[in-house]
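Novice: Provided below are the primary sequence and the corresponding predicted coordinates.
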Amino acid sequence: MFLTEREKKKMNLYSNRRQKILKALQNNAAILLFSGKAPMRSEDEAYSFSVNRNFYYLTGLDREDMALLMYNIDGMIRETLFILPYDETLARWVGGRMSRQEASEISEVRDVRNSDELDDSVSMIMNRMRKDNGFRFCFDMWHYTLDQEETPALRYAKKLRDNYPYLQIKDIYPVLTAMRLVKDEYEISCMRKAIHTTNLGIRQMMKTSRPELNEMTMEGVFNFVLAQSLCRETAFKTIASSGERSTILHYSDNDQVMKDGELFLCDLGATYNHYCADISRTFPVNGKFTERQKEIYQIVLNAQKIVEDNARVGVRMRDLNQMVVDYYKTELPKHGLNEDVSEYYFHSVSHHLGLDTHDVDGGMGAVLQAGNVITNEPGLYIADEGIGIRIEDDLLITGTGCEVLSKEILKDPDEIEKWMSEGQ
């Protein structure tokens with residue numbers, strides 16, 4: 001089911017999320033989140049803008065140079081949105097900026113101001129709360145590597161700390177993680193849409209596949225179908241690999257010619273309103289599995305079914321992964337694969353999925369909850385045979401087990417061969 005914008009509006013989606021996070025923080029705390037800004041690439045050209053997902057989660061806004069300030073002081077809750085003012089000259093060159101009214105309607109924030117008023121608003125809060133040693137100012141302090149460029153949140157947090165050394169700076173990540181892990185009806189509907197579009201792309205790739213075609217062409221077929229479906233961004237860089245390259249987990253050059261008798265492995269996903277699909281499928285370049293390929297393929301398919309049958313509330317993802325490893329330990333020697341399992345399978349079977357492909361999570365030891373969306377992606381990679389197989393679906397954890405959100409995407413080997421033969 002895909003929710004319309006009108007149905008989403010009835011849910012007071014973003015307002016309810018903000019109220020929930022402020023309630024979790026309780027009294028005497030402020031939160032400042034930034035939408036972000038695209039970094040420059042070369043000369044006067046910038047990289048494509050990608051909104052900070054936590055800002056988007058709480059506002060629904062997808063524009064640069066915005067900030068959301070919320071606070072709860074002695075039970076008084078306020079929220080203000082700061083945006084760049086409208087610029088007539090810029091509008092003639094690249095289009096108009098979002099108006100205050102439009103930003104308010106989307107985000108459900110009533111108080112919308114110009115971005116140059118942010119510092120004054122923060123100063124007012126700090127002057128008011130100087131007497132409270134327990135006052136907390138919270139940011140999204142995400143920083144993946146030591147040498148990456150500072151985010152707007154880190155820069156502003158440093159600025160506050162320099163000016164108010166006594167201030168408690170806190171990371172809002174744990175609170176947002178707990179919220180984002182459990183998907184609501186709207187989020188699930190967006191993911192269903194992203195998965196549906198991904199299905200259309202994969203089916204067209206299967207129809208197009210043939211020997212002597214370049215992997216890049218296959219990636220282009222997928223991108224073209226996404227464009228036809230008005231999908232502007234992929235969830236991550238597409239993996240389109242064939243032959244020996246399919247045994248490389250994150251191969252992404254996608255520039256080699258596919259050969260007759262090889263397998264083609266794709267790991268890819270469309271998005272809808274920034275919510276991601278993450279799907280892997282493996283199929284024969286020429287439309288027909290060899291007996292050996294089908295033999296290994298069935299092992300991976302069986303492993304995936306084990307995860308599907310056991311993914312439920314209370315189970316840990318590391319337990320699901322161990323089930324796959326235990327199955328492989330028993331099964332692989334029957335098929336001449338006598339090395340340690342880690343030689344053929346060297347990644348985890350699952351991760352959370354949502355606004356990010358590798359979404360926020362509570363770690364491999366956290367138990368699954370109803371409303372979690374996770375991947376199910378066992379694989380086998382036999383380099384000396386040039387066989388790499390990964391089959392990945394997206395699972396919604398429910399009160400009674402799990403729902404395969406991507407069940408419409410072909411994965412039965414006989415059905416794949418039939419579909420591909422009809423396209424020749």
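Specialist: Done, it's in.

Novice: what's the next secondary structure element after the helix or strand of the chain with the lowest mean pLDDT?
Specialist: For the chain, counting by mean pLDDT, DSSP states H and E, helix 5-10 ranks last in confidence among helices and strands (a mean of 60). The first helix or strand that comes after helix 5-10 along the chain, using DSSP states H and E, is helix 13-25.

Novice: Mind listing residues that contact that next one?
Specialist: Applying C-beta atoms under 8 Å, 6 or more residues apart in numbering, the external contacts of helix 13-25 come out as 29, 31, 57-60, 70-72, 77, 79, 106-109, 136, 138, 172, 175-176, 178-179, 184, 186. In this view, the C-beta of every residue, glycine as well, is placed from N, C-alpha and C.

Novice: List the buried residues in it.
Specialist: Buried residues in helix 13-25, counted by 16 or more other C-beta atoms under 10 Å: Leu13, Tyr14, Ser15, Arg17, Arg18, Ile21, Leu22, Leu25.

Novice: what's the farthest-apart pair in those?
Specialist: Pairwise distances among those were taken by C-beta to C-beta; the largest, 19.6 Å, belongs to Leu13 and Leu25.

Novice: And the contacts of the helix or strand hosting Leu69?
Specialist: Following DSSP H and E, one finds Leu69 within strand 67-73. Outside of strand 67-73, the residues within contact range by C-beta under 8 Å, 6+ apart are 18, 21-22, 25-35, 55, 58-59, 77-82, 107, 109, 115, 118, 121-122, 125, 128-129, 152.

Novice: Out of those residues, which end up buried?
Specialist: The buried subset of the contacts of strand 67-73 (16+ other C-beta under 10 Å) comprises 18, 21-22, 25, 27-35, 55, 58-59, 79-82, 107, 109, 118, 121-122, 125, 129, 152.

Novice: Keep only those of these that are in strands.
Specialist: Taking DSSP state E, the ones among the buried ones among the contacts of strand 67-73 that sit in strands are Ala29, Ala30, Ile31, Leu32, Leu33, Phe34, Glu79, Thr80, Leu81, Phe82.

Novice: longest helix of this protein?
Specialist: With DSSP state H applied, the helix covering the greatest number of residues in the chain is identified as helix 185-208.

Novice: between that one and helix 13-25, how many degrees?
Specialist: 120 degrees (axes from the mean of the first three to the mean of the last three C-alpha atoms, to 10 degrees).

Novice: Just the mean pLDDT for helix 185-208, thanks.
Specialist: Averaged over helix 185-208, pLDDT sits at 97.

Novice: immediately after that helix, which helix or strand?
Specialist: Using DSSP H and E, the first helix or strand after helix 185-208 is helix 215-228.

Novice: Which positions are bridged to the closest residue to Asn27 other than its chain neighbours in the beta structure?
Specialist: Excluding its sequence neighbours, the residue lying closest to Asn27 (C-beta to C-beta, 6 or more residues apart in numbering) is Asn72, at 5.7 Å. When assigned by DSSP bridges, Asn72 has beta-bridge partners Ala29, Ile77.

Novice: same deal with the one 10 residues further on?
Specialist: For Phe82, the beta-bridge partners under DSSP bridges are Ala67, Arg113.

Novice: same question, Ile382
Specialist: Beta-bridge partners of Ile382, as defined by DSSP bridges: Ile387.

Novice: ok, now the one 10 residues further on?
Specialist: Note on Glu392: beta-bridge partners by DSSP bridges are Ser280.

Novice: Pull up the gap between the residue at the greatest distance from the centre of the chain and Leu32, please.
Specialist: Centroid-distance maximum for the chain: Lys131 at 41.4 Å, with C-alpha atoms, centre = their mean. Applying C-beta to C-beta, to the nearest Å, the value for Lys131 to Leu32 is 21 Å.

Novice: what does Glu79 give?
Specialist: On the measure of C-beta to C-beta, Glu79 and Leu32 end up 11 Å apart.

Novice: Could you do Leu154 as well?
Specialist: Distance from Leu154 to Leu32, by C-beta to C-beta: 12 Å.

Novice: Quickly list what's touching both of those two.
Specialist: With C-beta under 8 Å, 6+ apart as the test, Leu154 and Leu32 both reach Phe139.
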